[in-house]
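J.: Provided below are the primary sequence and the corresponding predicted coordinates.
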Amino acid sequence: MLDIGGWEFLVVAFVLIMVVGPKELPKMLRGFTRVMRQVRSMAAEFSRSMQNMADDAELGDLKGTLEDVKRGNLAGVADAIDPAGNLKDSVEDLKKSATETGLQDDVGEIRNLAGTTGDGFAEVINQAPEDDAKAAASSNTKTKTGSFDKMAELDSYNSGLAVGRMTRIGHLTELRNRLGVALGVFLLLFLISVAPLPGTTSNSIAYQVFVFLQAPLAEILNAKGGGRMIFTALHEGFFTQIKVGFFTALCITFPIISMQLWKFVAPGLYKNERKAFLPFLIATPALFTLGAEIVYYVVTPMAWAFFVSFEMVGDNSALAIELEPRISEYLSLMMRLIFAFGLAFELPVILLLLARAGLVTHQGLAEKRKIAIVISFVVAAILTPPDVISQLLLAVPIILLYELSIFGARLMSPPENNEFDNS
């Protein structure tokens, strides 16, 4: 349920009228409806494209497997039907067996007969005897031929590995392994965060992080004579520590998750593409951290001071009204603000990536400036507590970041032809 106050609605309406104007408001609403229809159409087209790509990839893998079977390329077949590597283990056993029986030296003889490796082996091995005399020349020859078959299988497998061909299953396996590394690090850091520090029974890293998060409120309450925080359910304190530990582990693990995803994607990019993505990789955590710092050092002190101002001193005719915040509600509000500001500050990264991909231009972003201003106030009203101060403190940076994105998109746009036309 959206937690939007009446004053925030008034601010959005005021901004809408001032920016768009009463005469242009119906036109803008019709344009917004048209844009939403285009977005839904683009989403449907993207879904169809992804499905077609998946079908094409599956068909390509199937064709590749059939070609591997025809050529006798056991490596390609192993990647397609045996990604766990059981076939490789079997071939290694064959190699060990051939070495123990003294047949390793016969590989050179096969190479001389075939004149090549890989497919040549299959040709020699699968060639039928020309006559009965050659077939019955020696029973020892048959034994050696079976061993040659095993060694040819080994050489074909190793040559396929050297090519480095990876199927869709191989890619998914690699992604699973990299995400498994990130998940393992996250679970380890989570356990370290919630575990009591040596020599204590309740003090932990998660507890210290919660003390840090409540510092803005504690400073305001101590200035007014002191205060306290409470929990009203038996399990509330425990689960609050769990949430803090999860939040702490996620923040620390985020660079590791990003690095694992980058290592998965980077081999498929060209060198210039990797260089182009590097600034965005650096800017993403930096902008998120900037948004979180603005929340902690600017937004929450002002917002908490505003909320605490509604306390009332009791007298003979009225009871005192004092603030006693619940720890779970306070933590949820702080995490909501941190993630809201952090994600909002990623706006330049998203828009500049779209500009580099050619999906948006600085002219188009400038033309949609009025709509962007209104959307900024609407998003700020949804993500922030129901007060005008926090709404303004989020909406104004979003607008400034939008203008910064327009400037960056202008720098990234290719020069027009007439700029170099001397005529």
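T.: Perfect, I can see it now.

J.: Let me know how buried the nearest residue to residue 224 once chain neighbours are set aside is, in neighbour terms.
T.: The shortest distance from residue 224 to any non-neighbouring residue, by CB to CB, 6 or more residues apart in numbering, is to residue 308 (7.0 Å). Glycine gets a C-beta too; all of them are placed from N, C-alpha and C. Residues lying near residue 308 (other CB atoms under 10 Å) number 17.

J.: Next, the contact list for residue 308, please.
T.: Counting by CB atoms under 8 Å, 6 or more residues apart in numbering, residue 308 touches 217, 220-221, 224, 323.

J.: cool, and residue 312?
T.: Taking CB under 8 Å, 6+ apart, we find residue 312 in contact with 318, 320-321.

J.: Poorly predicted segments of the protein, please.
T.: Confidence mapping of the chain against pLDDT under 70 gives the ranges 1-9, 12-25, 28, 32, 57, 64-66, 68-166, 414-423.

J.: Just the buried residues out of the contacts of residue 308, in PyMOL syntax.
T.: Only the buried entries of the contacts of residue 308 go into this PyMOL selection, using 16 or more other CB atoms under 10 Å:
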select buried, resi 217+220+221+323
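
J.: Take the contacts of residue 308 and keep only those in helices.
T.: Cross-referencing these against helices under DSSP state H gives 217, 220-221.

J.: Could you point out the helix or strand that follows the host helix or strand of residue 240?
T.: Using DSSP states H and E, residue 240 maps to helix 236-265. Counting by DSSP H and E, the next helix or strand C-terminal to helix 236-265 is helix 271-294.

J.: ok, and for that following helix, which residues are buried?
T.: Neighbour-count burial for helix 271-294 flags 277, 281, 283-284, 287-288, 291-292, 294 (criterion: 16+ other CB under 10 Å).

J.: Could you do stretch 184-200 as well?
T.: For stretch 184-200, by 16+ other CB under 10 Å, it's 185-186, 189-190, 192-194.

J.: In this structure, what residue spans correspond to strands?
T.: Shown for the chain, no strands are assigned by DSSP state E.

J.: rewinding a little: looking at the buried residues of stretch 184-200, spot the one nearest residue 384.
T.: Closest to residue 384 out of the buried residues of stretch 184-200 is residue 193 (27.4 Å), distances taken as CB to CB.

J.: So which residues of the stretch 101-250 of the chain form helices?
T.: Taking DSSP state H, counting those that start in this stretch as the test, the helices found in the stretch 101-250 of the chain are 106-114, 119-126, 132-135, 139-163, 168-194, 205-213, 215-223, 236-265.

J.: Report the buried residues of the longest one.
T.: For helix 236-265, the neighbour count (16+ other CB under 10 Å) marks 240-241, 243-249, 251-253, 257, 260 as buried.

J.: by contact count, what packs against it?
T.: Counting contacts by 3 or more CB pairs under 8 Å, 6 or more residues apart in numbering; DSSP states H and E, helix 236-265 packs against helix 168-194, helix 205-213, helix 271-294, helix 327-344.

J.: now the first one and helix 236-265, what's the angle there?
T.: The reference is to helix 168-194. Using axes from the mean of the first three to the mean of the last three CA atoms, to 10 degrees, the inter-axis angle of helix 168-194 relative to helix 236-265 is 150 degrees.

J.: one step back: the helix holding residue 240 vs helix 327-344, what angle?
T.: In terms of direction (the same axes, to 10 degrees), helix 236-265 departs from helix 327-344 by 20 degrees.

J.: ok, for residue 292, nearest residue in space, not its chain neighbours?
T.: Excluding the flanking residues, the one nearest residue 292 by CB to CB, 6+ apart is residue 338, at 4.8 Å.

J.: May I have the residues that are in contact with that neighbour?
T.: If you count contacts by CB under 8 Å, 6+ apart, residue 338 has them with 291-292, 295-296.
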